[in-house]
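Visitor: How does the following fold in three dimensions:
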Amino acid sequence: MSSQLDWRRVYDFWFPADLADSGIAAHWQMVAWWLHGGAQAELRPFAPLVHAARSGRLDHWCATSPGRLSLIIVLDRFPRGLFAGTPEAYSSDPDALRMAEEGFGNGHYDALTSPYEKFFYLLPLVHAEGPDHVGRMRRVVAIAERAVDEAPKDLKPVWRFSLDQARARFDIISRFGRFPHRNPVLGRASTPQELTYLAKDDFIHTRSLPISASSAISAIG
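Guide: Predicted structure coming up:
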């Protein structure tokens, strides 16, 4: 198998080796890169991996815990950067969810050691719409609450932000059963309640980091 199809290429790109030893400013900087567009400019070389993953040619990555996580990132995170604003951004969500749920059952999730590994492992539970979405979001919120409790004191603000995001998404799914901001992209008709929500233009995935995070990032310039 070509090294171009090796999960380590994705893992090493996504997770900096020295993050665990860094201060909170570096953690906020990484969160901004992960979730607020910083990574998107660097994703184009990974587009062939997305197509390979969707065709099942990378399923062998699921033999190990970090390999499964890397495949989840390819199917969940990369399409959102590569195909933003199109239905293709969400088309891998069911596959990513299936792989995540399998990993809960076979011990791969529990084998992860970094809280950031576990954070990205959980995202398919957040992102994949479906009839069990409320239950999945309830699980994610519970895990996010434990992450705050277990985080080092100086890093708790990062994980409180993650918890706030999880709770906000739980609220949206509880209210609407889906993410209304996807309706225009997917050609779905919005309900009157969803139209009211959309008119506010305050979407969870576009919210800025806390002011304290921006200040910390600016300080390391």
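
Visitor: Every contact and neighbour count from this point should use C-alpha atoms.
Guide: Fine.

Visitor: which residue is nearest the middle of this structure?
Guide: By CA atoms, centre = their mean, the mean C-alpha position of the chain lies nearest to residue 123, the distance being 4.1 Å.

Visitor: Just say helix, strand or coil for it.
Guide: Reduced to three states with DSSP: H, G, I helix; E, B strand; the rest coil, the structure at residue 123 is helix.

Visitor: so it sits right up against residue 69, yeah?
Guide: No. At 10.6 Å, residue 123 does not count as touching residue 69 under the criterion of CA atoms under 8 Å.

Visitor: rewinding a little: nearest residue to the residue nearest to the centre of the chain in space, please, no chain neighbours.
Guide: Nearest in space to residue 123, with sequence neighbours left out and distances taken as CA to CA, 6 or more residues apart in numbering, is residue 76 at 7.4 Å.

Visitor: Is the one you found in contact with residue 91, as I believe?
Guide: No. Counting by CA under 8 Å, no contact exists between residue 76 and residue 91, whose distance comes to 9.1 Å.

Visitor: show me where this structure has helices.
Guide: Across the chain, reading from the start of the chain, the helices by DSSP state H fall at 7-14, 24-35, 47-54, 65-82, 93-106, 108-111, 115-127, 133-150, 156-176, 183-186, 192-200, 211-220.

Visitor: what's stretch 183-201 in contact with?
Guide: Taking CA atoms under 8 Å, 6 or more residues apart in numbering as the criterion, the residues outside stretch 183-201 that touch it are 85, 86, 87, 176, 180, 181, 182.

Visitor: Which members of these are classed as buried?
Guide: Neighbour counting by 16 or more other CA atoms under 10 Å classes 87, 180, 181 among these as buried.

Visitor: how close does the closest residue to the first one other than its chain neighbours sit to residue 93?
Guide: In this case it means residue 87. The spatially closest residue to residue 87, leaving aside those adjacent along the chain, is residue 186, at 5.6 Å (CA to CA, 6+ apart). From residue 186 over to residue 93 the distance is 14 Å, taken as CA to CA, to the nearest Å.

Visitor: quick one, which of those two is more surrounded?
Guide: Using other CA atoms under 10 Å as the criterion, residue 186 and residue 93 rank with residue 93 on top: 23 against 13.

Visitor: give me the number of residues near residue 45?
Guide: With other CA under 10 Å as criterion, residue 45 counts 8.

Visitor: same question but for residue 166, I mixed them up
Guide: What residue 166 shows, counting by other CA under 10 Å, is a neighbour count of 24.

Visitor: Can you give me the distance of it to residue 204?
Guide: Computed with CA to CA, the distance linking residue 166 and residue 204 is 9 Å.

Visitor: Name the residues of stretch 189-199 that come out as buried.
Guide: Residues of stretch 189-199 classed as buried by neighbour count (16+ other CA under 10 Å): 190, 194, 197.

Visitor: swap in stretch 78-90?
Guide: For stretch 78-90, a neighbour-count test (16+ other CA under 10 Å) marks 78, 79, 80, 81, 82, 87, 89, 90 as buried.
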